[in-house]
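[1] what's the 3D shape of this:
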Amino acid sequence: MPTSSLPFETAAKGGARPPLKIAKRLIKRTVTDLFEKTGLVVISKKTRDRIVQMSPEAAGMLWVPTRPAGPGRALPDEVARALDPANPALADLKRRYADHPATDHVQWDDGDIEYGVDMASFRGDNLYVFQTRRNSEMQYYLSTIYVAACDQLDAFVKLSEDGAFGAAVYEFDGRSGVSRDLLDSVLEMNFLERQIGLSEQTGLTVLDIGAGYGRLAHRMVETFPTINRYYCADAVATSTYLCDFYLKYRGVQNKAQSVPLDRLERTLKGETIDLAINIHSFSECKRSVIRWWLDQIAERRVRWLMIVPNTGDALTSAEPDGTRQDFRRDIEARGYRLKAMRPKYEFSTSMQKFALYPGTYFLFERAD
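    Alright, predicted model coming up:
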């Protein structure tokens with residue numbers, strides 16, 4: 001565009017309108033034109049929120065580029081130092097992870113983390129746990145009603161949520177401290193209770209693959225005293241670092257442990273792993289990376305494998321060219337058979353359609 005045609009330059013000379021205001025309008029119009037040429041329509045946040053309020057089920061059709069919000073309250077100095085992205089311990093982990101076969105990322109590279117995760121509010125709406133994007137308060141309310149009614153462990157009553165490190169928290173009918181962290185964890189634990197009687201399994205050892213900041217580990221060891229050891233593994237150095245911090249912050253490090261990827265095989269040598277869990281991360285990995293993790297599971301003859309994809313009821317990888325490959329055959333090729341496949345809200349088709357982040361739970365069991 002020739003400089004002589006820039007409207008804010010003309011306005012600046014004539015003094016008709018503030019140059020910055022006109023520049024913003026020009027940028028907005030240009031971006032809108034570009035998006036509409038790709039088949040997308042740009043709307044304001046106000047219009048988006050009005051649509052979601054009138055029709056929550058339409059929220060999933062709206063794409064919202066979101067940066068994480070900052071922490072709700074100031075952090076103590078020692079915590080702020082620990083959560084500084086420039087912390088030397090985190091830098092060391094990144095160096096050690098660099099050439100590992102499980103770190104051949106399609107998603108979750110340093111650029112994704114820098115844009116999508118504020119370490120000081122790592123439990124906020126971000127890459128780890130989507131919370132407020134594409135969902136209304138009504139969907140949280142529906143999910144809360146469902147969880148409270150179907151929780152045979154009474155975990156929803158016993159566990160708490162303090163909103164630490166930016167978690168989005170709601171209050172319904174006098175119940176304070178409702179978060180997606182809590183709701184999803186209670187549903188996942190109840191699924192395992194129904195399928196394998198988790199509360200009756202003594203001396204249980206768990207391996208959580210793609211454990212993130214340790215959400216489920218924290219909830220599991222508080223709910224099931226029968227768990228002997230809960231290992232958290234992740235191919236993202238930032239996740240390993242945050243998980244170690246969070247488990248210690250919650251005071252559960254005596255049972256739940258964040259294991260650096262380069263020390264995983266050595267740590268697990270000689271261990272009997274009863275249950276392996278993967279929540280959402282396999283769907284974000286290349287098939288070659290998934291196979292590496294499945295080899296670790298098969299080598300240790302893990303009895304049960306729980307997988308929750310973020311691709312509905314499909315077990316597919318994320319390839320660099322944008323395609324997806326079915327990795328269920330890779331699970332079965334290593335001696336596992338499907339034991340159970342259930343909707344996240346398995347007791348209500350309406351909730352599965354309208355409640356918070358529906359999905360599918362898979363449980364595989366070793367055949368021999």
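[2] C-alpha only now, for contacts and for neighbours.
    Noted.
[3] return the helix or strand in the protein with minimum mean pLDDT.
    helix 7-14 (a mean of 33; mean pLDDT, DSSP states H and E).
[4] low-confidence ranges in the stretch 151-300 of the chain?
    Along the stretch 151-300 of the chain, no part satisfies pLDDT under 70.
[5] can you show me the helices along it?
    Counting by DSSP state H, counting those that start in this stretch, one finds helices in the stretch 151-300 of the chain at the ranges 155-158, 180-196, 215-223, 237-249, 264-268, 287-299.
[6] which among those is found nearest to residue 144?
    With respect to residue 144, and counting by CA to CA, the nearest of these is helix 180-196 at 7.1 Å.
[7] for the closest one, buried residues please.
    180-193 (16 or more other CA atoms under 10 Å).
[8] repeat that for stretch 346-366.
    Using 16+ other CA under 10 Å as the burial criterion, the residues of stretch 346-366 that qualify are 346, 351-352, 354-366.
[9] per the record, what domains does this structure have?
    3-42, 137-366 (automatic domain parsing).
[10] now tabulate these in TSV and tack on distance to residue 107.
    Formatted as TSV, those follow (distance: least, CA to CA, whole Å):
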stretch	distance to residue 107
domain 3-42	23
domain 137-366	6
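[11] name the spans of the stretch 1-150 of the chain whose pLDDT lies under the cut-off.
    1-73.
[12] circling back: hey, which of the domains of the chain is tucked in deepest?
    domain 137-366 (a mean of 18; mean count of other CA atoms under 10 Å).
[13] got the end-to-end distance for that one?
    End-to-end span of domain 137-366 (CA to CA, to the nearest Å): 40 Å.
[14] residues touching residue 363, list them.
    304, 305, 306, 307, 338, 339, 340, 341 (CA atoms under 8 Å, 6 or more residues apart in numbering).
[15] which strand residues bridge it?
    Judged by DSSP bridges, the bridge partners of residue 363 are residue 306, residue 340.
[16] pLDDT wise, what is it at?
    Looking at residue 363, its pLDDT stands at 98.
[17] so how far is residue 257 from it?
    For residue 363, the distance to residue 257 equals 23 Å [CA to CA].
[18] ok so, going back, which one of the helices of the stretch 151-300 of the chain lies closest to residue 103?
    helix 287-299 (7.7 Å).
[19] may I have that closest one as PDB, with CA atoms only?
    Taking Å, rounded to 0.1, in the frame of the first residue of the first chain, the C-alpha atoms of helix 287-299 are listed here in PDB:
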ATOM      1  CA  ARG A 287       2.600 -41.800  16.100                       C
ATOM      2  CA  SER A 288       6.300 -42.600  16.400                       C
ATOM      3  CA  VAL A 289       6.300 -40.900  19.900                       C
ATOM      4  CA  ILE A 290       3.200 -42.800  20.900                       C
ATOM      5  CA  ARG A 291       4.900 -46.000  20.000                       C
ATOM      6  CA  TRP A 292       7.900 -45.100  22.100                       C
ATOM      7  CA  TRP A 293       5.700 -44.700  25.100                       C
ATOM      8  CA  LEU A 294       3.700 -47.900  24.300                       C
ATOM      9  CA  ASP A 295       7.000 -49.800  24.200                       C
ATOM     10  CA  GLN A 296       7.700 -48.600  27.700                       C
ATOM     11  CA  ILE A 297       4.300 -49.800  28.900                       C
ATOM     12  CA  ALA A 298       4.600 -53.200  27.200                       C
ATOM     13  CA  GLU A 299       8.200 -53.800  28.400                       C
END
